[in-house]
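Engineer: output the structure for:
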Amino acid sequence: MAKKKRKVNTKRIAIVALIPVVCIALLIANFTSIRLSIKGYHKEDKKVVLKLEKEDIKDILQYDQIINISKWDKVKNDAHYLLYDEYYRASKKSVKKVVYYIDSYYERMEDLNYLGYTKNVLFKNSDLYTISNLDTLISANVPYKKAKKYLAVKGAQIQDIKKYVDSGLSPLKAVLQVSYPGIDSSKKDSRSYTIENPEDTLILIKNGFSVPSDYVPKDLRDVNIPYETEVGQLRDEAATALEKMYKDGLKQGYSIAIKSSYRSYDTQLAVYNEYFAMYDAAYAASLVSIPGSSEHQCGLSVDLTSQSVMNGEYGTFGETPDYNWIEQ
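Structural biologist: Now for the predicted structure:
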């Protein structure tokens with residue numbers, strides 16, 4: 001008699017074979033969950049972390065800080081939690097700004113890393129490395145090693161980085177000649193710049209380099225020397241220096257006075273409009289600063305006259321002995 005063939009339940013064998021694999025996966029998941037608990041993550045945050053890619057979970061476990069997952073999930077994000085936390089600690093920006101920057105940066109990260117712009121470089125100075133500037137760096141294709149010395153110059157413009165490198169000039173000369181040709185008054189420059197720290201007494205202010213229209217120096221005060229029509233005001237440091245100069249002049253027989261000192265933006269605008277009403281445009285432009293671009297608004301500049309002019313002894317300040325003393 002022929003033996004009957006034994007039926008094999010392949011489905012059952014397959015399931016049995018999967019049991020060890022499933023068990024191992026569960027053990028790993030449980031172990032990861034336990035490690036997250038030990039690190040300090042609560043139940044809801046653990047659920048989110050465990051859904052991430054293995055490498056992301058590994059990085060979070062190795063990170064020396066606990067990430068507040070729920071904080072980042074208050075806004076729509078791409079789940080780059082570790083980068084969010086790192087950038088937040090470096091920049092202290094708002095949740096919304098952090099998520100926008102990191103999610104945008106992540107899309108460009110591979111190209112930036114290739115050029116040497118690591119996250120440590122970018123996060124420390126993200127006000128310079130804005131997203132639009134990151135795109136400029138990628139397009140310029142200039143490695144960080146070459147760009148670094150130029151970007152270290154205060155006032156360097158990322159859009160000019162390739163021109164700096166190609167110029168062959170020292171970093172400072174390259175930045176000045178390429179980005180700020182208007183510093184040299186003999187050169188025309190179509191760019192204009194807003195001075196971000198107008199309280200700094202060493203700022204350069206002139207046509208093309210302006211302070212905000214609402215800027216008023218914090219330490220303005222009356223200057224204790226004679227004045228032609230209204231009490232002169234300057235910043236304290238400038239006022240103190242001018243008062244000393246006035247006293248030194250008196251000892252030598254000279255008596256200087258203030259003709260014009262601090263002017264607000266609105267006052268400068270009125271002067272500007274008056275000159276353009278009186279003279280042709282080219283001549284007027286040579287005589288008066290564009291509103292916002294006058295040293296007078298900074299409280300560091302003064303137009304002088306003398307007591308002798310105010311008394312009618314001389315017609316103009318330039319004719320007086322006081323003027324010659326000032327010039328010297």
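Engineer: what's the following helix or strand after the least confident helix or strand in the chain by mean pLDDT?
Structural biologist: None of the helices or strands of the chain scores lower by mean pLDDT, DSSP states H and E than helix 10-39, at a mean of 63. Using DSSP states H and E, the helix or strand that follows helix 10-39 in sequence is helix 43-50.
Engineer: quick one: mean pLDDT over that following helix.
Structural biologist: Averaged across helix 43-50, the pLDDT comes to 91.
Engineer: what does that helix rub up against?
Structural biologist: Helix 43-50 has contacts (C-beta atoms under 8 Å, 6 or more residues apart in numbering) with 29, 32-33, 36-37, 41, 57, 60, 67-70, 73, 79, 81. All C-beta spots, glycine's among them, are computed from the backbone N, C-alpha and C.
Engineer: ok, so of those residues, who is nearest R221?
Structural biologist: N68 (48.2 Å; C-beta to C-beta).
Engineer: how distant is stretch 219-228 from the center of its chain?
Structural biologist: Taking C-alpha atoms, centre = their mean, to the nearest Å, the mean C-alpha location of stretch 219-228 is offset from the chain mean by 35 Å.
Engineer: enumerate every residue touching the residue nearest to Q307 when sequence neighbours are not counted.
Structural biologist: With sequence-adjacent residues excluded and distances taken as C-beta to C-beta, 6 or more residues apart in numbering, Q307 is closest to S255, at 3.8 Å. When contacts are counted by C-beta under 8 Å, 6+ apart, S255 touches 226, 246, 249, 306-308, 322.
Engineer: likewise C298?
Structural biologist: 198, 203, 205, 211, 215, 217, 235.
Engineer: mark which of the residues you listed are part of strands, please.
Structural biologist: Among the contacts of C298, the members found in strands (DSSP state E) are R235.
Engineer: circling back: the contacts of S255: which two are farthest apart?
Structural biologist: Y246 and S308, at 14.1 Å, using C-beta to C-beta across the contacts of S255.
Engineer: what ranges do the strands span in the stretch 101-250 of the chain?
Structural biologist: Counting by DSSP state E, counting those that start in this stretch, the stretch 101-250 of the chain has strands at residues 193-194, 209-210, 220-222, 233-235.
Engineer: CSV for those, including mean neighbour count and distance to Y105?
Structural biologist: Formatted as CSV, these follow (neighbours: other C-beta atoms under 10 Å; distance: least, C-beta to C-beta, whole Å):
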stretch, mean neighbour count, distance to Y105
strand 193-194, 13, 26
strand 209-210, 20, 32
strand 220-222, 15, 43
strand 233-235, 22, 41
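Engineer: select from the ones you listed the stretch with the lowest mean pLDDT.
Structural biologist: strand 193-194 (a mean of 86).
Engineer: which strands or helices does that one pack on?
Structural biologist: Judged by 3 or more C-beta pairs under 8 Å, 6 or more residues apart in numbering; DSSP states H and E, strand 193-194 is in contact with strand 209-210.
Engineer: please enumerate residues in contact with the strand it packs on?
Structural biologist: Contacts of strand 209-210 (C-beta under 8 Å, 6+ apart): 182, 192-195, 203, 290, 292-293.
Engineer: just put the residues you listed in a markdown table and tack on distance to A147.
Structural biologist: Below are the contacts of strand 209-210 laid out as a markdown table (distance: C-beta to C-beta, whole Å):
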| residue | distance to A147 |
| --- | --- |
| G182 | 23 |
| S192 | 25 |
| Y193 | 21 |
| T194 | 24 |
| I195 | 25 |
| I203 | 26 |
| I290 | 34 |
| G292 | 32 |
| S293 | 31 |
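Engineer: Y88: which of those is nearest?
Structural biologist: Nearest member of the contacts of strand 209-210 to Y88, counting by C-beta to C-beta, is T194, at 28.0 Å.
Engineer: mind checking how far the closest residue in space to the closest one that isn't next to it in sequence is from I203?
Structural biologist: Of all residues not flanking T194 in the chain, S210 sits nearest, at 6.0 Å (C-beta to C-beta, 6+ apart). Plainly put, S210 is 10 Å away from I203 if you go by C-beta to C-beta, to the nearest Å.
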